[in-house]
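Chemist: need a 3D model of the sequence below.
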Amino acid sequence: MTRLPATPTDATPLHPTFTRRLAIQAGAVGLLGLGLDHLEGLRAAGSPPGSRARSVIFIFLSGGLAQHESFDPKPDAPEEIRGEFRPIATRAPGVHICEHLPLLAARSHLWSMVRSLTHPHNDHSAGHHVMLTGRSILPPGFSINQPNSTDWPSIASVVGAVSGPRGNLPPAVVLPERLVHNTGRVIPGQFAGIMGPRRDPWFVEASPFDPKAYGAFPEYEFDHQDRPRTAARQRFHVPDLTLPEGLGGGRLEGRLGLLAQLDRQRAGLEASAPTAAFDARRQAAVSLLTDAKVRRAFDVSDSEPKVLDEYGRNSFGWSLLMARRLVEAGVSLVQVNLGNNETWDTHGNAFPHLKDNLLPPTDRAVSALLDDLDARGLLDSTLIVMAGEFGRTPRISTLPSAYKLPGRDHWGRVQTVFLAGGGVVGGRVIGSSDRIGGHPTSDPKTPEDLAATIYGSLGIPATAAWEDDLGRPHQVYHGTPIAGLF
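Modeler: Numbers count the residues shown, from 1 in each chain. Below is the predicted model:
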């Protein structure tokens, strides 16, 4: 296996130093892996045939998107299977999707889908872990209640460890928030797990946790159970990466006033992170703070009104606009969580929530992302992947204790995955589900295959491995890139 080092090379430029605590609070961004100049040959060798991606935007729909109400409608099935929505034609002959995704239907020449992704888990935490790590078998000691140090590393962590940064940006970013259940339970699968916390992806906390807020706030904010809202409305803010006036260079040392302006998400990391990593983090954190291009990538508020209208003036639109800016600036992988708090968990009230609150902002924002990347000449080099932790049950049901109207339960046996850009040929359908949308009937794919598609599109070679803190190698690939897409 090709072992990719987890520390900077001797050629890494030096930057002003500042305190260990400050490095952690600035984001603890490590210069992990080889620099881009060392990696290009490996990337070229590792890419799937036809793939042209060098960046990936991984859109994650926490809660589980219903395949029947999105990309795999079953109009000929009985009503209790097909649901209330009707299919519409796309530009691809014979391919139909949900009527509430008209903008994506008009752009089907830009995207394809896999209708046969499957895994054995129906629990939210297990499903998140499986899809975010690309590993169908749960790790030893797995807990549905919390992340553990024995968890498999997330795809974002693996990419960060083996691909290395481009310029002053971290190689992998997750936005606009960590995934947290409304009970306050942090969902496993998002972090570095057995890699160690110093290799967690960099979380851009642009959206503070609110246990009652779902959807694309503020335009499409809702509550699954129609409870009266008592908490403050959600807000989306730009992470403050600017330096106080007159502060720079050596003056960073010891200036505690800067602490209030830096990302505090790593405050609990100090005690556990190895000291050896701090030189790299110090360099990267200072570079991140002082690079005007980097700061601008995070500030979507200065976009033209026309662009904001195209993406949607809500958390879904703002998040995908930020993702576009980050890949344009050089980030290898951006994971965008469209909806915290298991937003897509449509057990009940499913049809009004999907029709009114979830599908419209997703349709608009993802379509705008496709158009924007295409217009900028970036679509061929950016793979877009959209999936949730599982699909939904074939049969509609009602949980009267919590919901007034019916929905669908958890279903890991099949879901549809959306893919675009990066050399993906538009209008293709890989695999199929049965007549009720319950199981794959052809060409089943696994989370391992989806992760391999992401790794391969980034040019990570099939022989690549990362090393843990004891120097033990761990292979990156556990599946095969999905054939027929590129």
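
Chemist: and the longest helix seen in the chain, C-alpha only, in CSV?
Modeler: In the chain, with assignment by DSSP state H, the single longest helix is helix 359-375. Coordinates of each C-alpha in helix 359-375 appear next as CSV, following Å, rounded to 0.1, in the frame of the first residue of the first chain:
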residue,chain,number,x,y,z
LEU,A,359,-37.9,19.6,-1.9
PRO,A,360,-38.3,23.3,-3.1
PRO,A,361,-35.1,24.7,-1.5
THR,A,362,-33.1,21.6,-2.4
ASP,A,363,-34.3,21.7,-6.0
ARG,A,364,-33.4,25.3,-6.3
ALA,A,365,-30.0,25.2,-4.5
VAL,A,366,-28.7,22.1,-6.2
SER,A,367,-29.8,23.3,-9.6
ALA,A,368,-28.1,26.7,-9.0
LEU,A,369,-24.9,24.9,-7.9
LEU,A,370,-24.9,22.9,-11.2
ASP,A,371,-25.5,26.0,-13.2
ASP,A,372,-22.9,28.0,-11.3
LEU,A,373,-20.2,25.4,-11.6
ASP,A,374,-20.9,24.9,-15.2
ALA,A,375,-20.8,28.6,-16.0
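
Chemist: helices or strands next to it in the packing?
Modeler: If contacts are counted by 3 or more Cβ pairs under 8 Å, 6 or more residues apart in numbering; DSSP states H and E, helix 359-375 sits against strand 55-61, helix 102-105, helix 305-311, helix 315-329, strand 382-388. No exception for glycine: its C-beta is placed from N, CA and C like everyone else's.

Chemist: quick one: the first one to chain centroid distance?
Modeler: I take that to be strand 55-61. In this view, strand 55-61 has its centroid 4 Å away from the chain centroid, taken as Cα atoms, centre = their mean, to the nearest Å.

Chemist: in the longest helix of the chain, which residues are buried?
Modeler: Using 16 or more other Cβ atoms under 10 Å as the test for burial, helix 359-375 gives 359-374.

Chemist: cool, and stretch 467-477?
Modeler: The neighbour-count check on stretch 467-477 (16+ other Cβ under 10 Å) flags 474, 476-477 as buried.

Chemist: return the distance of it from the chain's centre.
Modeler: How far stretch 467-477 lies from its chain's middle: 23 Å, per Cα atoms, centre = their mean.

Chemist: ends of it, what's the gap?
Modeler: End-to-end distance of stretch 467-477 (Cα to Cα, to the nearest Å): 14 Å.

Chemist: do stretch 85-99 as well
Modeler: 7 Å.

Chemist: residue 380: neighbour count?
Modeler: Residues near residue 380, counting by other Cβ atoms under 10 Å, number 16.

Chemist: quick one: it and residue 425 touch, right?
Modeler: No - using Cβ atoms under 8 Å, residue 380 is not in contact with residue 425; the gap is 11.5 Å.

Chemist: thinking again about what came up before, what's next to the longest helix of the chain, contact-wise?
Modeler: With Cβ atoms under 8 Å, 6 or more residues apart in numbering as the test, helix 359-375 has contacts from 57, 59, 61, 69-70, 98, 100-104, 106-107, 110-111, 215-216, 219-220, 307, 310-312, 314, 316-317, 319-321, 323-324, 338, 379, 382, 384, 386, 418, 420-421.

Chemist: just the angle for that helix relative to strand 55-61, thanks.
Modeler: Orientation check (axes from the mean of the first three to the mean of the last three Cα atoms, to 10 degrees): helix 359-375 against strand 55-61 gives 180 degrees.

Chemist: pLDDT weak spots in the stretch 351-486 of the chain?
Modeler: The model of the stretch 351-486 of the chain has no residue with pLDDT under 70.

Chemist: kindly recompute the last result at 90.
Modeler: For the stretch 351-486 of the chain, applying pLDDT under 90 flags the ranges 398-404, 467-472.

Chemist: quick one, helices of it?
Modeler: Remark: helices assigned in the stretch 351-486 of the chain by DSSP state H, counting those that start in this stretch are 359-375, 447-457.

Chemist: any stretches of the stretch 151-300 of the chain with poor pLDDT?
Modeler: Along the stretch 151-300 of the chain, the model assigns pLDDT under 90 to residues 163-170, 177, 181-184, 198, 202, 204-214, 217-218, 221-300.

Chemist: coming back round to it: among the contacts of helix 359-375, name the buried ones.
Modeler: By neighbour count, with 16+ other Cβ under 10 Å, the contacts of helix 359-375 hold 57, 59, 61, 69-70, 98, 100-104, 107, 110-111, 215-216, 220, 310-312, 314, 316-317, 319-321, 323-324, 338, 379, 382, 384, 386, 418, 420-421 as buried.

Chemist: mind listing what's buried along stretch 138-147?
Modeler: Buried positions in stretch 138-147, judged by neighbour count with 16+ other Cβ under 10 Å: 138-139, 142, 147.

Chemist: which of those residues sits closest to residue 203?
Modeler: residue 147 (12.7 Å; Cβ to Cβ).

Chemist: which one is that closest one nearest to, not counting chain neighbours?
Modeler: Leaving aside its sequence neighbours, residue 147 sits nearest to residue 188 (Cβ to Cβ, 6 or more residues apart in numbering; 4.2 Å).

Chemist: so the one you found makes contact with residue 150?
Modeler: No - Residue 188 is not in contact with residue 150 according to Cβ under 8 Å; the separation is 10.2 Å.

Chemist: returning to that earlier point: among the helices and strands packed on helix 359-375, which comes closest to residue 429?
Modeler: So among those, helix 102-105 is nearest, using Cβ to Cβ, at 13.6 Å.

Chemist: what about that closest one, distance to the chain center?
Modeler: Offset of helix 102-105 from its chain centre (Cα atoms, centre = their mean): 22 Å.

Chemist: name the residues that touch the very next helix or strand once past it?
Modeler: Reading on from helix 102-105 to the C-terminus, the next helix or strand found by DSSP states H and E is strand 111-117. Residues from elsewhere that reach strand 111-117 (Cβ under 8 Å, 6+ apart): 67, 71-72, 104, 370, 384, 387, 414-421, 424-433, 440-447, 449-450, 482, 485.

Chemist: and for stretch 472-486?
Modeler: By Cβ under 8 Å, 6+ apart, stretch 472-486 touches 1, 3, 48-51, 112, 114, 134-135, 158, 162, 194, 419, 422-425, 428, 430, 445-453, 455-457, 460, 462, 464-468.

Chemist: filter these to the buried ones?
Modeler: Buried subset of the contacts of stretch 472-486 (neighbour count, 16+ other Cβ under 10 Å): 48, 51, 112, 114, 134-135, 158, 162, 194, 419, 422-424, 428, 430, 445-453, 455-457, 460, 462, 464-466.

Chemist: specify the beta-bridge partners of the residue most central in space within the chain.
Modeler: The centre of the chain sits closest to residue 335, judged by Cα atoms, centre = their mean, with a distance of 2.4 Å. In this entry, residue 335 is beta-bridged to residue 58, residue 174, by DSSP bridges.
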